[in-house]
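1. what's the 3D shape of this:
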Amino acid sequence: MGVDVREIEGTTIAILIATLLAVLVGASPEGVAAQQRDTTAAHARADTTRGDTATAQILAPTVVTGTRLSPVDERTPVQVDEIRLDDVPPGPTAAADAIARLPGVSIFDDQGTRTQPTLEIRGFRLSPVVGVSQGVSVFLDGVRINEPDAQEVNFDLIPMDAIEKAELVRGPGTLYGKNSLAGALLLTTRRGTFTPEMSAAFEAGAFGYLGGRVNAGGVIDDVDGYVMAHATDEDGYRDETTARTRQVFVNLGRKGTNTDLAMSVMYARDRIYQAGSLPESWLRVDRRANFTGGDFFEPELWHIAVRGEQPFAGGMIRGNAFRRDNDYQQFNVNVDAPSTDAHVDNTSKGGTLEWTLPTAVAGMPLGLTVGAEYSRNDIAYRIFSVPTTSAPEYDDECDQTNGLCENARVHEDDAALYAQGVLSVTPAFAVTASVRGDYVRIPFRDLRDPGNDGTNSYRRFSPRLGVNYYVSPAIRGYAAVSTGFRAPAPLELACADETSPCSLPFALGDDPPLHPSTVVNYETGMDWEPREGASLDIVGFREDARDEIVFVASNTTTGFFQNIDRARRQGIEASGSLTLPAGIRIFGSYALIDATYQSPVLLASEMPEPDSAYPGDRFPLSPRHRGSVGVELTRTLGKSLLDVQLSVNAVSSQYLRGNDHNLDEVELGEDGESRVVSGSVSGYAVTSLRLRYELPHVAVTGYVQNIFDREYETFGIFGENPAGPIGGPRPPAPVVERFLSPGYPRTLNVSVEVRR
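-> I've put the predicted structure just below:
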């Protein structure tokens, strides 16, 4: 399948093709020496973002980094945010909390547990929730960790205590492959160093939170090693939301003068109980209530990967190989219907190999990369119906002897070839061109009913073209046109029939085929560093999507996936920081994000009237305004260090899921008993404080979130409440209400760390 030429102007395509030909045909090894001479006199720059801010670094015009497997330092025309890892409390929420502090990122919780939130980045989602259309790829040391069954990402399974560097590369990532619509999250783990290290920490906090972690690393006979173990337990804010997490991570490696080889092994096992959203009538009485007590998620993960690099044929060859097994159980309690017990086994294995060559074209330095990757994803679904008191029989379509409703297998193949060239036309002007070809094959096999078998295949060509330029040593700009795509996940393909909606993850079959989502992104940005300690980043983008895959909720427990013809995300992202005397730093960010439908679509909803969206209607749960501001004080007191940070994060109102037509008010109920409710979740602001006191061998850190104990909601959907008011009589028929997820109240967490 080719790029839709209606989405890219002919002149852009011509420039892209000409640049690719120059990169792939005109390279000459003789240019290496000239490239190295030019590099020493080059202008340079790369952004790093400390939580909410960005500062400038060095950029050389010859680019041999920023590839699929090498670190990204913005020598290619992209916006890169480095995630500050110490701004948020440690524990299973650290990954999501750290990302949520970046400019333009919003967060909501429809699972009713703080360990499984959904993040929205440029109007696309990054979530552990099955059924959410994913738009961000996540890589751990170059290995994709989006789960193959639905492309979800489990934040609780990310070894954040072992992460040395985390970066969000914004925009469609051509080299990163499918799902990289809003960006790619790159996580790099820690290695042992020549200075031995050992630390242990104890954590305690609100709602019964207890945790402990151990880190150790060093080098013995040129072999570096690092080990991390972390365990947490908590009762949870909501009723029946206990969470238990266990992780062990080990890195072993050996670095030579020009070579590097490393192996990582991770084991994790969690059990997380979920509360979901609450009927508004319940929320007003008890914000801690649980409408469907007993829901839980229990994954068991093994992750093994080998990676390395060494010189080859005048350049550098890099590669990895991996195997990842994540078997999980998801139990969902239903009201007035049998509960569902899903057992999903995900096994992924494969690898990536790339070669980078520093060379030249017509005397101009060139960084050339070519690569290939392949993965095999084996997925097994076994889903059971579980009778309840209110629904004492199995569902009709299930085996009446054991309740087995689905028994299916998918053996997915993903293969890709890619290339990138970065040409330094002058020390102040560089052109980057990249291209990737993907092939995805997804065969679905129903072991209960072979008549449901089917196979879907997708081919996609994704180019990218951009430029870096320097107005002055303090001002750098970039502009880029990039493309990306997302193949439907196996679960989406198996649940795409509106006449037979799924109770996820339930009722799978070979449904009508879905088209892959494709995007074209136009982006430009400017970074200004007037002096050391002062920076300002401004980015503007417009991303047009075709055939976007969305989950249409028929009601609170069932739904199906479908394509929508056109959609658009566009906006402005700005962030900056300023260092003042006496160790004071102020920072802030603001994002204006419009995520809108660009074609009419009829969507299912529990609203009284059909939920029709029209061009210009905003996507639900996507706030238009997002901002943060904060101040940090760092002081050295003899041999100790005091660091205090106060920050405020705010988002504007957002429409409820199911209100795609953006109604400000919705009338619910029958004539004579109708009531008018808001069609939005109100905007809110949350204030947080971090205080750290550090001695040579001991550090104490305190985190207070939601200092003013503000009541707010992060998620909303229209749904049926068959149980009626809390503690009251059941109504003769289900009542349609707003279902809302309460935000966490004020919480205090303390961590005491002892280091050797």
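2. in stretch 150-163, what counts as buried?
-> Applying a neighbour-count criterion of 16 or more other CB atoms under 10 Å, one finds 150-163 buried in stretch 150-163. For the C-beta atoms, the positions are set from N, CA and C on the backbone; glycine is no exception.
3. ok, these vs residue 268, which is closest?
-> Sorting those by distance to residue 268 puts residue 157 at the head of the list, at 5.1 Å, by CB to CB.
4. So the closest one is in contact with residue 268, correct?
-> Yes: counting by CB atoms under 8 Å, residue 268 is a contact partner of residue 157 at 5.1 Å.
5. Find the residues that touch each one of those two.
-> Common contacts of residue 157 and residue 268 (CB atoms under 8 Å, 6 or more residues apart in numbering): 247, 299, 301.
6. any idea how far residue 317 lies from residue 353?
-> Residue 317 sits 7 Å away from residue 353, going by CB to CB, to the nearest Å.
7. wait, which of the buried residues of stretch 150-163 is closest to residue 87?
-> Using CB to CB, these come closest to residue 87 at residue 160, 12.1 Å.
8. need the contact list for that closest one.
-> Taking CB under 8 Å, 6+ apart as the criterion, residue 160 is in contact with 85, 90, 94-95, 98.
9. Distance of it relative to residue 249?
-> Distance, residue 160 to residue 249, using CB to CB: 10 Å.
10. is it true that residue 165 touches residue 82?
-> Yes: Residue 165 lies in contact with residue 82 (CB under 8 Å); the separation is 7.1 Å.
11. Look at these two and report which has more neighbours.
-> A direct count of neighbours by other CB atoms under 10 Å for residue 165 and residue 82 places residue 82 higher, at 23 against 15.
12. Show the model's pLDDT score for that one.
-> Looking at residue 82, its pLDDT is 89.
13. And the pLDDT for the spatially most central residue of the chain?
-> Nearest residue to the geometric centre of the chain (CA atoms, centre = their mean): residue 126, 3.6 Å. On pLDDT, residue 126 comes in at 94.
14. Any figure for the gap between it and residue 645?
-> Counting by CB to CB - residue 126 and residue 645 are separated by 25 Å.
15. about what we covered before: test my guess that the residue nearest to the centre of the chain contacts residue 119.
-> Yes: between residue 126 and residue 119 there is a contact under CB under 8 Å: 4.5 Å.
16. any shared contact partners between the two?
-> 99, 136.
17. The helix or strand harbouring residue 324 - what's its average pLDDT?
-> Counting by DSSP states H and E, the element that carries residue 324 is strand 315-332. Mean pLDDT, computed over strand 315-332, is 96.
18. so after that strand, what's the next helix or strand?
-> Using DSSP H and E, the first helix or strand after strand 315-332 is strand 339-361.
19. Only alpha carbons, please: show that next one as CSV.
-> Extracted in CSV, the C-alpha atoms of strand 339-361 (Å, rounded to 0.1, in the frame of the first residue of the first chain):
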residue,chain,number,x,y,z
SER,A,339,-18.5,-12.1,34.5
THR,A,340,-15.6,-12.7,32.1
ASP,A,341,-12.3,-14.4,32.8
ALA,A,342,-9.7,-13.9,30.1
HIS,A,343,-6.4,-15.7,29.9
VAL,A,344,-4.1,-14.2,27.2
ASP,A,345,-0.6,-15.6,26.5
ASN,A,346,1.7,-13.2,24.6
THR,A,347,5.0,-14.4,23.2
SER,A,348,7.2,-12.2,21.1
LYS,A,349,10.6,-13.0,19.6
GLY,A,350,12.8,-11.5,17.0
GLY,A,351,15.5,-8.9,16.4
THR,A,352,16.8,-5.8,14.6
LEU,A,353,20.1,-5.3,12.7
GLU,A,354,21.3,-2.0,11.3
TRP,A,355,24.5,-0.6,9.8
THR,A,356,25.6,3.0,10.1
LEU,A,357,28.3,4.5,7.9
PRO,A,358,29.8,8.0,8.2
THR,A,359,30.6,9.1,4.7
ALA,A,360,30.2,12.0,2.3
VAL,A,361,28.4,13.1,-0.9
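20. Show me where the stretch 351-500 of the chain dips below the pLDDT cut-off.
-> The stretch 351-500 of the chain contains residues with pLDDT under 70 at 496-500.
21. and if you look at the stretch 1-150 of the chain?
-> 1-65, 74-75.
22. how about the helices in it?
-> Per DSSP state H, counting those that start in this stretch, the stretch 1-150 of the chain carries helices over the ranges 10-25, 32-40, 94-100.
23. mind checking how far the closest residue to residue 145 other than its chain neighbours is from residue 744?
-> Using CB to CB, 6 or more residues apart in numbering and skipping the chain neighbours, the partner closest in space to residue 145 is residue 138 (5.2 Å). With distances taken as CB to CB, residue 138 is found 24 Å from residue 744.
24. And for residue 465?
-> Here the distance between residue 465 and residue 744 works out to 44 Å (CB to CB).
25. Could you check which of those two is surrounded by more residues?
-> Taking neighbours as other CB under 10 Å, residue 465 and residue 744 compare with residue 465 leading, 24 against 19.
26. Under a three-state scheme, what state does that one occupy?
-> strand (DSSP: H, G, I helix; E, B strand; the rest coil).
27. Bridged to it, which residues?
-> residue 433, residue 481 (DSSP bridges).
28. list the contacts for the residue lying closest to residue 624 once chain neighbours are set aside?
-> Of all residues not flanking residue 624 in the chain, residue 652 sits nearest, at 5.4 Å (CB to CB, 6+ apart). The contact partners of residue 652, by CB under 8 Å, 6+ apart, come to 623-626, 683.
29. and which of these is nearest to residue 474?
-> Out of these, the member with the shortest distance to residue 474 (by CB to CB) is residue 626, at 27.5 Å.
30. what's around that closest one, how many residues?
-> For residue 626, the count of nearby residues is 25 (other CB under 10 Å).
31. Ok, residue 742 next?
-> Residue 742 has 22 neighbours, counted by other CB under 10 Å.
32. The one 3 residues further on too?
-> Other residues lying near residue 745 total 16 when counted by other CB under 10 Å.
33. With the one 10 residues further on instead?
-> By other CB under 10 Å, the residues close to residue 755 number 15.
34. what are the ranges of the strands in the stretch 1-150 of the chain?
-> Using DSSP state E, counting those that start in this stretch, the strands assigned to the stretch 1-150 of the chain run over residues 47-48, 55-56, 80-82, 105-108, 118-121, 124-126, 136-140, 143-144.
35. Same question for the stretch 551-700 of the chain.
-> Secondary structure of the stretch 551-700 of the chain, counting by DSSP E, counting those that start in this stretch: strands at 559-580, 584-597, 601-603, 611-613, 625-637, 640-651, 654-655, 665-668, 675-678, 680-681, 684-694, 698-705.
36. Could you name the helices and strands sitting against the first one?
-> Judged by 3 or more CB pairs under 8 Å, 6 or more residues apart in numbering; DSSP states H and E, the packing partners of strand 559-580 are strand 534-553, strand 584-597.
37. tell me the angle it makes with strand 625-637.
-> Relative orientation of strand 559-580 versus strand 625-637 (axes from the mean of the first three to the mean of the last three CA atoms, to 10 degrees): 40 degrees.
38. Show me how far strand 559-580 is from its chain's centre.
-> Centroid displacement of strand 559-580 relative to its chain, using CA atoms, centre = their mean, to the nearest Å, is 13 Å.
39. Give me the buried positions along that strand.
-> Across strand 559-580, burial judged by 16+ other CB under 10 Å covers 559-564, 566-571, 573-579.
40. Neighbours of residue 642, how many?
-> The tally of other residues near residue 642 (other CB under 10 Å) stands at 14.
41. mind checking how far the nearest residue to it once chain neighbours are set aside is from residue 585?
-> Spatial nearest neighbour of residue 642, excluding adjacent residues (CB to CB, 6+ apart): residue 635 at 4.9 Å. Counting by CB to CB, the separation of residue 635 from residue 585 is 12 Å.
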